[in-house]
Structures are given as structure tokens and as C-alpha cells.
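Asks: Generate coordinates for the sequence data below:
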Amino acid sequence: MTSADLNNAESMLVLNNVASCDMKSDKYSPIILERQEKEPLDVKACAVKKLKKHLSCTPTKAKDFLVDLFPIIRWFPKYKWKKWILGDIMSGLVVGILIVPQSIAYSLLAGQDPVYGLYTSFFACIIYSLMGTSKHISVGIFGVLCLMIGQVVERELQVAGFDISDDINTTALSNQSANVCGRSCFAIRIGSTLTFMAGIYQVAMGIFQVGFISVYLSDSLLSGFATGASFTIITSQIKYILGIRIPRANTPGSLVKTWVHIFKTIHETNICDLVTSILSLLFLVPIKEINECYKEKLKMPIPGELLVVIIATLISHFGQLNAKFNSTIAGDIPTGFIAPTSPDWSMIPRIAIDAIPIAIIGFAITVTLSEIFAKKHGYTVRANQEMFAIGACNVIPAFFHCFTSSAALAKSLVKESTSCKTQLSSLVTALVLLLVLLVIAPLFYSLQKCVLAVIIIVNLRGALRKFLELPKMWNMSKVDTVVWFITMLATALISTELGLLIGVCFSVMCVIARTQVPRTTVLGHLKGTEIYEDLRKYRNLQSLPGIKIFRFEAPIYYANKELFKVALYKQTGINPTLVVLARKKAEKKNIRELKQKQTAHSQAGVKPEVTLQLSRGYQEFDIHTIIIDCSVIQFLDTAGIAAMKEVFKDYKGIGILVLLSNCNASVVDSLCNGNYFDNGYISGLLFYSVHDAVKFASNAHQTNGDHEANTPC
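Replies: Numbering: from 1, shown residues only. So this is what the prediction gives:
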């Protein structure tokens, strides 16, 4: 290499490589990699260019913006009416039939009147069909979000002085003033304000493109969260099943407290509600199982919820169950729409933080389901647009007495299985809901709340069945299984919000722990090849005489630098610090023995003939080279660079050469910037592959004449 090459290590990288694996010739020829010259970055010009791109307005850009914001403008003109219309109509009708009873049922979970659940599903279907990029997901009421909303609603009702054990709700279509507002009115005011803030957060995340937050919500975490929330949902519905009135606990540990209240008041069980619940359960569960077992043969699923609602309503009405047995019923469900009102701005400071997990969960569920169906059917979705769409599904309906919505797995699966082709099916579903809101809703007056509770519980079977998948999950990933358990237990036993936070923190800690305590191995050689793998995993590998190959499977940074050194010393069997200390101790001992002998000889008047060597006690090693395989090391920080330099220096001090192989460009840059290489001379220390490093080490050792090298080829 020329002097210019030595002084310009940043612009040119020289790595040793074997030109060929010829047994007759072991000559090495350096390969020179010339670095790309970086053009100087003009920050001002770059900023001006980006501002012009994003802030300029032309007719073309305005059109593109409008089409991106409302994807229906792009796909509706290309709609294949003859091929798709029947499938979309069938899918929309089936989903609409399922959504009606579920919307009424989940309104109870959110602490709202049944009509508000119908409003929520109606507006969500319309808005998502205009703005969504997924063709198959169904957006509406989601059980976990309803639970989280219900907890905030109950808390605020209690703060406002309402009796939270009073389930009697009345909804009037007249404009309700802020001064005269009953329990039902105040509850939806809380729910709509909370929904508005969640939607604002989701739109803001879309504007600032921070959808990466959902990356930290892994599948195992979301599954554990949903299962834990299912226990809380089931617990909250037991009071309707038994027909008892108990206070709703909103503090951490509410699950246990609620069950304590249940057992204290179980003697007050309404037998009529209990019998109705059991009969509804016995009717609904088999229908659900039939739908699941024969979903490929059935043209459309049996509408079990709708049948239960119709039959139970008729029995309750003609049997006068409310009057005779004091069974709780849904009550008045008005027709038409209530005049829109703005959210309660004064309430925002109290519920702003509560809206954050609701916004994140709603977005994460929607994007996850969108990507699943898009991958299955061969199209793409835009995660950022999905955030805008779900945000709009919350911001706009908040003015129309609605609560938070998101994609729901069960309804999306039904939608997909009934030949859905586009989001036109959502518009059909909205028409079904509109018909119910304008005409049919009052007919559900006599519907017992215990029937709605049964519908909610039966629809949680999927989350509870995750327990059956735990053995398979454990075999696939023990860490993910532990994350699932921790999240599930925290969500069920503490609270939904804290459970989600604990799950995220524990999941991140697991990732950190994997890098902080990574796997370390010593590699062996497969004879006749250039393959080097873990000696502990494979039998037909050979250790190389005089050479140790060490692999550290994580980045080296401040948290694991000491572990890196300890693992290296343990795997190689040589701790250079201890060797140096042993040598110094041996030297002191030799000096002491020499002085004693010299004193003895001088006293005897005899001149010593033999001088003890100070090197006696020096340890001879069976290895001369250590090769560090850096293929799994993604990056080095300053502490990692210092650790690498320390290792190189310490082993060099005891006569052992340290070579690096498979370094990526980032690691090489870090080592060069950290002055790992003397005078920028990196030739002879960095190699493309482990095999190249082994060839170099064997050749160099043979040249030095220490012993005959065993060169693998």
C-alpha cells in the first residue's frame, strides 16, 4: 500500500482476501474497496426543497392529495359491477345483521344507551368506506375499547355525583342543555369527548407519521392484552347475567374487587335473568360452533345473535318479564338522530391522558388487521392513511353522540368469508343500520340486558381460546409466551391501561435483555468447505489448531461491553489480564529466589554459576490467533469501541493476535473513527469472511515458523 492509502483509511478500505483456494499456492492478494465520495449536504437547500415540495400547491398536487385522502375516488370509477356487486351486497347485509345486536350489547360495556352503539357503527361504516385502504376489514365497535371507555365513563359519572349502580338510562331526542343533563346524557358526553381526543391523537400521529409506535405492540403483547381485557369484560357482565346491582370498581385490582362484590350480593340473584342467560348461552354457543366448523360450506353464517335477540325480545314482551320478575331491559331506543353537539371542552384536561392508550390500541388493531387481509388477498394498504381513516372515524362521529370505534376481527372475518370485494359492502351495512335507527329500534324495548351480556361473553371465546395455543407458542418462542402471560395478568389483575403499559415495558426489557445477555459461541470448521458454525450445535465440525473463532450475537454497547469481554475470555480460556498478573507475580518470585541464592552464595564465598531466567513461569498457550466473527454485531458505541481496543491490546500484550471478520460498513466506520487501527492501517486485521481470516492466520503463523499450519480449504 502507498502512503496515501495509509493516511486515507476513511476513503479506502483494504481487506485481505484469498484470491483462490489453491493448495499449491497460499499467496494473499489485497482487495481494495473504494469508498463512495459523500457529497456535501447543504442543509438550507435541502430544507427549502422539502418545504417547496410539501407546501406548494398545484392542481395536480391538490388532486393527488384528495385522491389519497379519499381512496374511494380512485377505486369506485373502476368498480366491476357485474362481478363484485352481489358479493358486496351479501357481505354488507350479513355484517349489518350481526352488527345490530352487537352494537346494542357493547353499548352496555361502554356505559352508554343502546342507540349510541348503533350511531357509532353507522358513522364508522360510512367514513371508513370513504377513507380506508383495506377492502375487507369491518370498522365499528370493539369490545376492548368499549371496556376502556366504560371505565372512564364510570369514573367521571362518580366524580359528577351520579349513582353508577343505576342502570336506568333514558334518551331524549330533544336538545339537552348543559345545565339539565341526566345520567345518560352526561355518559355520552364523556364518551364522545374521549372519542374526540382519541381521534385527534390518531390524526396527529398520521400527520407526523409516528405510526412506528404500533411496532412496540407485538402480536403476543396484543393477544395477551386482549385476553386479559376479556376477563375484565366477562366480570363486568356477570351482574347482568345474575340480575344484581353492584358498584363498578375503577381502581387497580378491580377484577378481584368486583368478584368480591358479586359473592356478597349473589343471594339477590334474579332467577328470571339467570335462567334467560343460561338458555341464551345454550342456544348461542352451538350456533357459533356450527358457524366456525362449517364456515367453508355455509354460504353465510347463521345469525345467532339476531335470532337470540328476536326470540328473547318476544318472550320478554309477551311474558312481561320486567313487570312480573323485575328483569332489567334495554328500555326506550328512539328512532332518528339526535342533533349534533360539540364535545365538552372543559372535560378534556381530565380525560386527555385516558385517550392515549385508546388511540394507540385502536390504530394498532386496525393496521394489523388491514395488513393481514391485504397480504392474504394480494393488495397493499397504507398504514398512514389507515391512521387518518380511523382518526376520522372517531373525530367526526364524536359530534354525533358516538364513542370510539376501530376494526374488529370477528366481523372482518365474516365480511371476508361472505365474498366481500370492496368497501362498498360497508355502505350496505350502513343502510341496514339506518333502517334499524329509523324504523326498527323501538322494537327492542323489552330486550333483557342479560341477553346482551351473553352476546358479549360468547363473542370473547376467541380471546379465551388463546390458552389452548400456549404450548405451541412456548415451543416457538418462550420469550413471547412470557410477554403474553405478563401482559395478560397485568391487564386482568391491575387495569387495562396499566396492563398495556406494563406489557410494553416488559416487552422492551426483553429486547434489551436479549442484547445485554446475548448468545456467545465458538465456531468450528466443516472440513472441505468454507463453512464455520457453532461447535455445540453440530457434531461434524472441527476445532482449528492454534485458532479460536468467537462469535458475539449482539451489538456491543455500554450495557454489554463487560459481558463481551467476560464471554470472550471464557470461550477462549485465556484472560489476558490474569495472565499478565500471573507473569508479574512469577517475575517477582523469580527475582526473590535469585536474590536469596545470590545471598547464600555470597555468604558461602562461592560465585554463582547459573542465573535464573526471569521468564520462568511464563505460560505457553495452545492458540496464537483469536478471530472475532462480527457478522451479527450491528453497531458499536464508544464503550463498545473501547472494549474492542482493550481486547486487542491485552491479547497483543501476551502474544496473541486478534483478527476481525464479516464486519459491516457501520462497524468498520466506528472502528476507524475510534482509532482501533494504528495509523489507519487495517490490512491484516479485517477480513471479508472467517475463512479468509483463518487462511491469513495460518499462513502468517507458518511463515513465522512457530509450527506447521493446518490450512483448511
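Asks: How far off centre is the helix or strand that contains Lys52?
Replies: Element membership for Lys52 (DSSP states H and E) is helix 43-55. Distance of helix 43-55 from its chain centroid, counting by CA atoms, centre = their mean, to the nearest Å, is 34 Å.
Asks: Quick check: what element follows it along the chain?
Replies: As assigned by DSSP H and E, the chain's next helix or strand after helix 43-55 is helix 59-69.
Asks: Could you point out the helix or strand that follows that following helix?
Replies: helix 72-75.
Asks: In this structure Ile234 contacts Asn459, no?
Replies: No: contact between Ile234 and Asn459 fails when scored by CB atoms under 8 Å: they sit 10.8 Å apart. C-beta coordinates here come from the backbone N, C-alpha and C atoms, glycine included.
Asks: so Ile628 sits in a strand?
Replies: Yes: judged by DSSP: H, G, I helix; E, B strand; the rest coil, Ile628 forms part of a strand.
Asks: who's it bridged to?
Replies: Phe550, Leu660 (DSSP bridges).
Asks: Isn't it up against Asn662?
Replies: No: Ile628 is beyond contact range of Asn662, at 9.2 Å (criterion: CB under 8 Å).
Asks: quick one, phi psi at Ile512?
Replies: Per-residue torsions, Ile512: phi -60, psi -40 (degrees, to the nearest 10).
Asks: Setting aside sequence neighbours, what's the nearest residue to it?
Replies: Spatially, and ignoring its direct neighbours in sequence, Ile512 is nearest to Ala559 (7.2 Å; CB to CB, 6 or more residues apart in numbering).
Asks: The one you found: what secondary structure?
Replies: Following three-state DSSP, Ala559 is assigned to coil.
Asks: Comparing Ile628 and Asn662, which residue is more hemmed in?
Replies: More crowded of Ile628 and Asn662, by other CB atoms under 10 Å: Ile628, with 24 against 20.
Asks: Can you list the low-confidence ranges for the stretch 201-350 of the chain?
Replies: Residue ranges of the stretch 201-350 of the chain with pLDDT under 70: 211-214, 250.
Asks: if we go to 80?
Replies: The model of the stretch 201-350 of the chain has pLDDT under 80 over residues 209-217, 247-252, 295-296, 298-300.
Asks: residue contacts, Asp344?
Replies: Asp344 is in contact with Arg189, Ile190, Thr193, counting by CB atoms under 8 Å, 6 or more residues apart in numbering.
Asks: in which helix or strand would I find Ile149?
Replies: Ile149 belongs to helix 143-159, assigned by DSSP H and E.
Asks: Which neighbouring elements make contact with that helix?
Replies: Applying 3 or more CB pairs under 8 Å, 6 or more residues apart in numbering; DSSP states H and E, one finds that helix 143-159 contacts helix 81-109, helix 183-207, helix 219-242, helix 348-351, helix 355-377, helix 496-516.
Asks: Could I get the ones you listed in JSON lines, plus columns for distance to Val308?
Replies: Formatted as JSON lines, the helices and strands packed on helix 143-159 follow (distance: least, CB to CB, whole Å):
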{"stretch": "helix 81-109", "distance to Val308": "7"}
{"stretch": "helix 183-207", "distance to Val308": "25"}
{"stretch": "helix 219-242", "distance to Val308": "14"}
{"stretch": "helix 348-351", "distance to Val308": "34"}
{"stretch": "helix 355-377", "distance to Val308": "26"}
{"stretch": "helix 496-516", "distance to Val308": "28"}
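Asks: Tell me which of these lies nearest to Ile455.
Replies: In terms of CB to CB, the element of those nearest to Ile455 is helix 81-109, at 4.4 Å.
Asks: and the angle from that closest one to helix 183-207?
Replies: Counting by axes from the mean of the first three to the mean of the last three CA atoms, to 10 degrees, helix 81-109 lies at 130 degrees to helix 183-207.
Asks: mind checking how far helix 81-109 is from the chain centre?
Replies: Worked out by CA atoms, centre = their mean, helix 81-109 lies 30 Å from the chain centre.
Asks: buried residues in that helix?
Replies: 84-85, 87-109 (16 or more other CB atoms under 10 Å).
Asks: And stretch 471-485, by the same measure?
Replies: Residues of stretch 471-485 classed as buried: Met473, Asp480, Thr481, Val482, Val483, Trp484, Phe485 (neighbour count, 16+ other CB under 10 Å).
Asks: what's the fourth one in contact with, if anything?
Replies: Under the criterion of CB under 8 Å, 6+ apart, the contact partners of Val482 comprise Cys510.
Asks: Unless I misread the structure, it falls within a helix.
Replies: Yes: the assignment for Val482 by three-state DSSP puts it in a helix.
Asks: Could you check how far it is from Phe225?
Replies: Distance of Val482 to Phe225, given as CB to CB, to the nearest Å: 14 Å.
Asks: Show me the helices in the stretch 251-400 of the chain, by range?
Replies: Along the stretch 251-400 of the chain, counting by DSSP state H, counting those that start in this stretch, helices occupy 254-264, 271-293, 304-319, 321-325, 348-351, 355-377, 383-395.
Asks: hang on, isn't Val647 packed against Thr572?
Replies: No: Val647 lies out of contact with Thr572 (CB under 8 Å); the separation is 10.2 Å.
Asks: for the stretch 401-550 of the chain, which spans come out with low pLDDT?
Replies: Ranges of the stretch 401-550 of the chain meeting pLDDT under 80: 409-410, 417-419, 462-463, 497, 515.
Asks: My reading is that His624 is in a strand; is that accurate?
Replies: Yes: judged by three-state DSSP, His624 forms part of a strand.
Asks: Next, the contact list for it, please.
Replies: Contacts of His624 (CB under 8 Å, 6+ apart): Gly546, Ile547, Gly655, Ile656, Leu657, Ala697, His701, Asp706.
Asks: repeat that for 7 Å
Replies: Applying CB atoms under 7 Å, 6 or more residues apart in numbering, we find His624 in contact with Gly546, Ile656, Leu657, His701, Asp706.
Asks: State the distance from it to Ser698.
Replies: 10 Å.
Asks: what does Ile627 give?
Replies: When distance is defined by CB to CB, Ile627 is 11 Å away from Ser698.
Asks: Neighbour count for these two, which is higher?
Replies: For Ile627 versus Ser698, neighbours defined as other CB under 10 Å are more numerous around Ile627 (27 against 22).
Asks: In contact with that one, which residues are there?
Replies: Ile627 makes contacts with Ile547, Ile549, Leu659, Ser661, Val690, Ala693, Val694, Ala697, as judged by CB under 7 Å, 6+ apart.
Asks: Nearest to Cys293, out of those: which one, please.
Replies: Checking the contacts of Ile627 against Cys293 with CB to CB, the nearest one is Val690 at 53.6 Å.
Asks: Tell me, how many residues neighbour that closest one?
Replies: Val690: 25 surrounding residues under other CB under 10 Å.
Asks: next one: Arg248
Replies: Arg248, neighbours per other CB under 10 Å, totals 20.
Asks: and it, what helix or strand is that in?
Replies: Using DSSP H and E, Arg248 maps to neither a helix nor a strand.
Asks: from here on, count from 11
Replies: Fine by me, first position is 11 from now on; the one you just mentioned is Arg258.
Asks: what separates it from Arg199, distance-wise?
Replies: For Arg258, the distance to Arg199 - CB to CB - is 18 Å.
Asks: Grab the nearest non-local neighbour of Ile466.
Replies: Going by CB to CB, 6+ apart, Ile466 has Ala115 as its nearest residue, at 5.1 Å.
Asks: for that neighbour, what are its contacts?
Replies: Contacts of Ala115 (CB under 7 Å, 6+ apart): Leu462, Ile465, Ile466.
Asks: of those, closest to Lys71?
Replies: For the contacts of Ala115, the nearest to Lys71 is Ile466 (46.8 Å; CB to CB).
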